[in-house]
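Engineer: Next input, structure requested:
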Amino acid sequence: MDIVDTHCHIISEDRDRYPWSPIGGKASAWAESRPVTAEDMAARMDEAGIAQAVLVQATTAYGYDNSYVLDSRRDRFIAVGTFDPLAPDAGARLTSAVANQGLAGVRLFTSGSTVAVQGEWFAAPETYDFWQVAGELGVTVCLQMRLGPATRQLVDVLERFPSVRVLLDHIGYPDIASSPGRAAKEVAELAPHPGLHLKLTHRNLEPLHAAGEEAVEFLTPVVEAFGAHRIAWGSNCPAAEQSLTELLDLARSVLAPLPTTAREAIFAGTARRLYPALDSSRA
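Structural biologist: Sure, this is the predicted structure:
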């Protein structure tokens, strides 16, 4: 089966060429303890049987400096860089980043391991120029946020800019462990917004695996609501502690009950539609 990893991070060994400047001023523990270079990631992909990957900027190491992911683009990799939609002339800067720098997509980091409070700034009026241009360019915007604290802001963006493609990192961290069914309802309610896509990672797959047979209480309604063509798998390697092979095996195990066509979409088809550059440089 064709496999594309839509969410992996790389860290260079050369801190002089690629200096760290993490968002929030604090680097994530994984970036310090288990960094993976682009060359190492390619080797891990060979071992796991993964054709291509989306290099998502390690925001908690490099902040808004996307140099390393851009310099690491090659046949098997495309680059998604962290972007500041509040910056002056954000729309023009986005156009340049895509046309001249080679970014295949962008990421807004509004909450995470080093950002304790969920930011609402991604829906502020000052970002409207960015969102408008993202929709016009057909740029996929990865959004790192938490459902609940920022759901209202997410809906506002989706309603105001219906042509924008948003790929929700880690599905917005729904609380699957507490109740797969309740978490599914929270996510499925967002399905009427056609631009919203879900990125399924170990953050979701681990509690689904722990849920056992109850995992279908989340998977079935979410897949039925969104369709597999709006769901993409990402490993989150090396932020996840497991090896890339183990992360892929976890996904295969949890998604095994789904039809083959659905798994083909989640493991590669959706990624290739969201990121056309994958097709043009397919390994």
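Engineer: and residue 75, how many neighbours?
Structural biologist: 11 (other C-beta atoms under 10 Å). The way it works is simple: take the backbone N, C-alpha and C, and place the C-beta from them, glycine included.
Engineer: likewise residue 66?
Structural biologist: By other C-beta under 10 Å, neighbour count at residue 66 equals 24.
Engineer: And the one 3 residues further on, by the same measure?
Structural biologist: For residue 69, the neighbour count with other C-beta under 10 Å is 29.
Engineer: any idea how far it is from residue 277?
Structural biologist: 13 Å (C-beta to C-beta, to the nearest Å).
Engineer: show me what contacts the closest residue to residue 38 other than its chain neighbours?
Structural biologist: Distances taken as C-beta to C-beta, 6 or more residues apart in numbering place residue 72 nearest to residue 38, at 3.8 Å, with adjacent residues excluded. By C-beta atoms under 8 Å, 6 or more residues apart in numbering, the contact list for residue 72 reads 10, 38, 55, 79.
Engineer: Among these, which lie within strands?
Structural biologist: Counting by DSSP state E, the part of those found in strands is 55, 79.
Engineer: For residue 176, state which of the contacts of residue 72 is nearest.
Structural biologist: Using C-beta to C-beta, residue 55 comes nearest to residue 176 of the contacts of residue 72, at 26.9 Å.
Engineer: Grab the nearest non-local neighbour of the closest one.
Structural biologist: Nearest to residue 55 is residue 69, by C-beta to C-beta, 6+ apart, at 4.4 Å.
Engineer: Contacts only, for the one you found.
Structural biologist: 10, 55-57, 79-81.
Engineer: Show the buried residues in these.
Structural biologist: Among the contacts of residue 69, the ones that count as buried by 16 or more other C-beta atoms under 10 Å are 10, 55-57, 79-81.
Engineer: In CSV: those, plus distance to residue 250 and pLDDT.
Structural biologist: Listed next are the buried ones among the contacts of residue 69 as CSV, based on distance: C-beta to C-beta, whole Å; pLDDT from 0 to 100:
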residue, distance to residue 250, pLDDT
10, 21, 98
55, 21, 98
56, 19, 98
57, 24, 96
79, 25, 97
80, 22, 98
81, 27, 97
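Engineer: Redo those as TSV? Include distance to residue 179.
Structural biologist: Converted to TSV, the buried ones among the contacts of residue 69 look like this (distance: C-beta to C-beta, whole Å):
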residue	distance to residue 179
10	35
55	34
56	29
57	33
79	37
80	32
81	36
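Engineer: and of those residues, the nearest to residue 141?
Structural biologist: The closest of these, once distances to residue 141 are taken by C-beta to C-beta, is residue 80, at 9.3 Å.
Engineer: how about the helices of this structure, start to end?
Structural biologist: 29-33, 38-48, 59-62, 67-71, 90-96, 128-137, 151-160, 180-188, 202-211, 216-226, 244-255, 260-264, 270-274, 276-280 (DSSP state H).
Engineer: Deepest-packed of those helices, please.
Structural biologist: Per residue and on average, the most neighbours among these fall to helix 59-62, with a mean of 26 (mean count of other C-beta atoms under 10 Å).
Engineer: could I get that helix in PDB with only the CA atoms?
Structural biologist: The C-alpha coordinates for helix 59-62 follow below in PDB (Å, rounded to 0.1, in the frame of the first residue of the first chain):
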ATOM      1  CA  THR A  59       8.300  24.900  15.700                       C
ATOM      2  CA  THR A  60       9.500  24.100  19.200                       C
ATOM      3  CA  ALA A  61      13.100  24.200  17.900                       C
ATOM      4  CA  TYR A  62      13.200  26.600  15.000                       C
END
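Engineer: quick one: average pLDDT of it?
Structural biologist: For helix 59-62, mean pLDDT rounds to 93.
Engineer: what packs against it?
Structural biologist: Packing partners of helix 59-62 (3 or more C-beta pairs under 8 Å, 6 or more residues apart in numbering; DSSP states H and E): none among the helices and strands.
Engineer: re the thing from before, relative to residue 21, which of the helices of the chain is closest?
Structural biologist: Residue 21 lies closest, by C-beta to C-beta, to one member of the helices of the chain: helix 59-62, at 6.3 Å.
Engineer: which outside residues touch that closest one?
Structural biologist: Contacts of helix 59-62 (C-beta under 8 Å, 6+ apart): 11, 18, 20-24, 26-28, 31, 35, 68, 82, 107, 109, 112-114, 144.
Engineer: Tell me which of those residues fall in strands.
Structural biologist: Those of those lying in strands (DSSP E): 82, 107, 109, 144.
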